[in-house]
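Q: with the sequence up front, the predicted model follows.
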Amino acid sequence: RKEVEQDPGPFNVPEGATVAFNCTYSNSASQSFFWYRQDCRKEPKLLMSVYSSGNEDGRFTAQLNRASQYISLLIRDSKLSDSATYLCVVTSRGGSTLGRLYFGRGTQLTVWP
Amino acid sequence: DAGVTQSPTHLIKTRGQQVTLRCSPKSGHDTVSWYQQALGQGPQFIFQYYEEEERQRGNFPDRFSGHQFPNYSSELNVNALLLGDSALYLCASSLPLGELFFGEGSRLTVL
C-alpha cells in the first residue's frame, strides 16, 4: 500500500469554480502535512502546510483529519493560473530527526476560461 | 540569493552507462535530499545527506549512490542505467526540519 494516495484526476473546471482535492495517508505516525504545487515540467513548490485545526490562505483552504488519515485542499474562485498538479505530501521521521517527504502522485487541475 | 541549482538540466544516456548529477543547495542550507520523479508520478525519496553522511535512504537499489561535500553541495550517481531510470531527478535543500526548496531538476532519458 502506498504511503499517500491521491486521485490523479484530471479535474477540468471553469474559471470561478470551487474544486476540492483529497488524499489519504497510511502511516498514522506521520508528523506533518503539506500541499505542494507543480507546474508542467517544473519543480514542486510548497503551497501550504496543513494543520489539524484547518488553515486558510486566500482562496485556498486545507484540512487535516488525523482520525481518518485524510487531507483535503479546497480552491475557491478558480483562476486560470491555478492550473497545475497538486501534490499531497506527508512527512515521517526516520532514524534521525530529519524528516523525509512522501508524495502522492498528484492531482492535475486545468482551469478553462 | 541563488536557490537550489542542479546540473545538467537534461541528459541522454544508454543502458548500462553511468551518470552523475550535481546539486548546489540554497545558501545557508546544510541538508540535501534527492528525489526521483517518473512521468505521471509524484517524487520518490532516494536519500538524504547531512554533515556529509547519508542519513536516510528510500527504497532504491545500491546502483544509486551519493555524496555530500564540505560546502554542502551534493552528487547523485547512478550506475548500470536501466530504461526505468528515465525520470526527473530533483534535489531539495533545507535546514534540518525546515521547509524543502527544490531545484528545477535534471531530466534523464535512458535509451
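A: Here it is on my side, so go on.

Q: quick one: residues contacting B:Ser93.
A: B:Val4, B:Cys23, B:Pro25, B:Lys26, B:His29, B:Thr31, B:Val32, B:Ser33, B:Tyr72, B:Leu100, B:Phe101 (C-beta atoms under 8 Å, 6 or more residues apart in numbering or on different chains). Where C-beta positions appear, they are placed from N, C-alpha and C, glycine not excepted.

Q: try 6 Å
A: B:Val4, B:Pro25, B:Lys26, B:His29, B:Val32, B:Phe101 (C-beta atoms under 6 Å, 6 or more residues apart in numbering or on different chains).

Q: out of those, the closest to A:Asp82 would be?
A: Distances from A:Asp82 to the contacts of B:Ser93, taken as C-beta to C-beta, are shortest for B:Phe101 (21.7 Å).

Q: burial count for that closest one?
A: If you count neighbours by other C-beta atoms under 10 Å in any protein chain shown, B:Phe101 ends up with 18.

Q: look up the closest residue to the residue of chain B found nearest chain A, ignoring the ones flanking it.
A: Per C-beta to the nearest C-beta, B:Gly42 is where chain B lies closest to chain A, at 3.3 Å. Closest residue to B:Gly42 apart from its sequence neighbours, by C-beta to C-beta, 6 or more residues apart in numbering or on different chains: A:Phe103 at 3.3 Å.

Q: for chain B, what's the nearest residue on chain A?
A: Counting by C-beta to the nearest C-beta, chain A gets nearest chain B through A:Phe103, at 3.3 Å.

Q: that residue contacts A:Val89, doesn't it?
A: Yes: with contact defined as C-beta atoms under 6 Å, A:Phe103 and A:Val89 form a contacting pair (5.3 Å).

Q: give me the pLDDT value at the nearest residue to A:Ile75 once chain neighbours are set aside.
A: Spatial nearest neighbour of A:Ile75, chain neighbours left out: A:Val19 (5.1 Å); criterion: C-beta to C-beta, 6+ apart. Listed pLDDT for A:Val19 reads 97.

Q: same check, this time on A:Gly9
A: At A:Gly9, the model reports a pLDDT of 86.

Q: that one touches A:Thr107, doesn't it?
A: Yes: with contact defined as C-beta under 6 Å, A:Gly9 reaches A:Thr107; the gap is 4.6 Å.

Q: which one's more surrounded, the two?
A: More crowded of A:Gly9 and A:Thr107, by other C-beta under 10 Å: A:Thr107, with 23 against 15.

Q: for the residue of chain A closest to chain B, give me phi and psi.
A: phi -100, psi 140 (degrees, to the nearest 10).

Q: got a pLDDT number for it?
A: pLDDT recorded at A:Phe103 is 94.

Q: contacting residues around it?
A: Counted by C-beta under 6 Å, 6+ apart, A:Phe103 has contacts A:Leu87, A:Val89, B:Gly42, B:Pro43.

Q: what does chain B have sitting close to chain A?
A: Residues of chain B lying close to chain A by C-beta under 6 Å from any C-beta of the partner chain are B:Gln41, B:Gly42, B:Pro43, B:Phe45, B:Arg55, B:Gln56, B:Pro96, B:Glu99, B:Phe102, B:Glu104, B:Gly105.
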